[in-house]
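Participant: got a predicted structure here, sequence first:
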Amino acid sequence: MKATERILVSWREADVAAAWPQVFGRTGDVHLEVGFGDGRYTVRRALDEPGGLYVGVEVSGVSVRRAIKNVRRSGVRNVRIMKGTAQAAARQAFTAGSLASVTVNFPDPWPKDRHESRRLLQGPFLDVLADRLKLGGEVRLATDHEDYFHFSVAQLDAHPAFVRVPRMPPDAVFQTKYALKWREQSKPVHYGVYRRVPANVTTQPPIERPNPMPHALLTGPQPHFGTLEKTVIERGDAHVILHEAAAVLTGDGQPTRVFVRTTVDEPEFTQQLLVAVQKREGDEWIVRVESFGDPIITDAVRGAVHGVTEWLAAQDGWQVTARNY
Ligand SMILES: C[S@@+](CC[C@H](N)C(=O)[O-])C[C@H]1O[C@@H](n2cnc3c(N)ncnc32)[C@H](O)[C@@H]1O
């Protein structure tokens, strides 16, 4: 299959932000849809407005698989799909001023007060959208959830880069899987469109930082991997959770490599990753992030390397010889 025929695209690849014309094999306005579910709205739009280029991002693997099937079945060639969180993918996969619209149909409402921070259309994500949308570009929101609608409208109204424009929802909005579900329950659909207007917006650079991968070097005897207890480390407004350590053992039961299962919970997204402690020459060991799971290296991920380094450094006979994080 030619690269331009692949529907699933990785948002982590360094050059994807600048490469949408090559990915699609042509130029056109780029539209992003967040949380597309089974992708039926994305396909409908690609059929109705064939000049545009449609990129969907969805966190659920099952939805991604269904949407790819729908896109293939429909025969449209102007849809690409990314698996990941909208917050991370929007930052990584688009350059400033490159998006013509961002559509959010029936986002998860997170109705409980204590979960309000999980709602998508608010502060940091709106800053990213303001940066990535071109002037005149639009954010389009449809939801059945009145509270969520008022919450998002208040956030968008307060943002200097967006003004509301009156617009009726297009028919296709009433045909998404969730729209049909809510219609069965006679729930009304709330619809809001906001236009990107001139304003001073803060630049939102991609998250990934250049190499080197964060690591530390230590000297020491065998690590006591069984001693790691669940540890929560605060790092700025992020939390690093070291859950447990597991080791790869040699025939005589000595660990050659230890993996620390870690959660890095940042305001915009959460990553599960492995921090590895690996034996090198003599009594030298390296602590580094495993590439398994394709982690994005952020300051909080560096904090995870620091946490594991400190756990080892506290064991008898261990010394840190270099910290590169
Ligand atoms: C209620 S469903 C709506 C699906 C579809 N838009 C529709 O109308 O049928 C919300 C979707 O958003 C996805 N989602 C939730 N949080 C997300 C995030 N941060 N980034 C991308 N997708 C997300 C969920 O996996 C789910 O498929």
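Facilitator: Received it, and whenever you're ready, just let me know what you need.
Participant: drop to CA atoms for contacts and neighbour counts, all remaining ones
Facilitator: Will do.
Participant: where do the strands of the stretch 1-150 of the chain begin and end?
Facilitator: Defined through DSSP state E, counting those that start in this stretch, the strands belonging to the stretch 1-150 of the chain, from first to last, are 30-34, 53-58, 79-83, 99-105, 133-143.
Participant: the second one vs strand 30-34, what angle?
Facilitator: Angle, strand 53-58 to strand 30-34, by axes from the mean of the first three to the mean of the last three CA atoms, to 10 degrees: 20 degrees.
Participant: what about strand 53-58, average pLDDT?
Facilitator: Mean pLDDT, strand 53-58: 97.
Participant: and the longest one, by the same measure?
Facilitator: Model confidence over strand 133-143 averages 98 on the pLDDT scale.
Participant: that one near the ligand anywhere?
Facilitator: No - with CA under 6 Å from any ligand atom as the criterion, the ligand is not reached by strand 133-143; the gap is at least 8.3 Å.
Participant: quick one: contacts for residue 263?
Facilitator: Residue 263 makes contact with 240-243, 270-273, according to CA atoms under 8 Å, 6 or more residues apart in numbering.
Participant: are any of these buried, and which?
Facilitator: 240-242, 271, 273 (16 or more other CA atoms under 10 Å).
Participant: out of the residues you listed, which comes closest to the ligand?
Facilitator: residue 271 (12.4 Å; CA to the nearest ligand atom).
Participant: quick check: pLDDT value at that closest one.
Facilitator: Taken from the predicted model, the pLDDT recorded for residue 271 is 89.
Participant: repeat that for the one 3 residues further on.
Facilitator: The score at residue 274 is 96. That number is its pLDDT.
Participant: same question for the one 5 residues further on.
Facilitator: For residue 279, the model assigns a pLDDT of 94.
Participant: rewinding a little: need the max-distance pair from the buried ones among the contacts of residue 263.
Facilitator: Among the buried ones among the contacts of residue 263, the pair separated by the greatest distance (CA to CA) is 242 and 271, at 12.2 Å.
Participant: relative orientation of the lowest-mean-pLDDT helix or strand in the chain and strand 99-105 in degrees?
Facilitator: Of all helical and strand segments in the chain, the minimum by mean pLDDT, DSSP states H and E falls on helix 177-184, at a mean of 90. Calculated by the same axes, to 10 degrees, helix 177-184 forms an angle of 40 degrees with strand 99-105.
Participant: helix 177-184 and the ligand, any residue contact?
Facilitator: Yes - shown here: helix 177-184 in contact with the ligand (CA under 6 Å from any ligand atom) through 177-179.
Participant: can you put the buried ones among the contacts of residue 263 in a markdown table and add secondary structure?
Facilitator: Conversion of the buried ones among the contacts of residue 263 to a markdown table gives the following (DSSP: H, G, I helix; E, B strand; the rest coil):
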| residue | secondary structure |
| --- | --- |
| 240 | strand |
| 241 | strand |
| 242 | strand |
| 271 | strand |
| 273 | strand |
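Participant: flag the shaky bits of the stretch 1-150 of the chain, pLDDT-wise.
Facilitator: Of all residues in the stretch 1-150 of the chain, those with pLDDT under 70 make up the ranges 1-4, 14.
Participant: wouldn't residue 54 be in contact with residue 76 here?
Facilitator: No - here residue 54 lies out of contact with residue 76, judged by CA atoms under 8 Å, at a distance of 10.3 Å.
Participant: more neighbours: those two, which one.
Facilitator: The residue with the greater number of neighbours, taking residue 54 and residue 76 and applying other CA atoms under 10 Å, is residue 54; the counts read 25 against 15.
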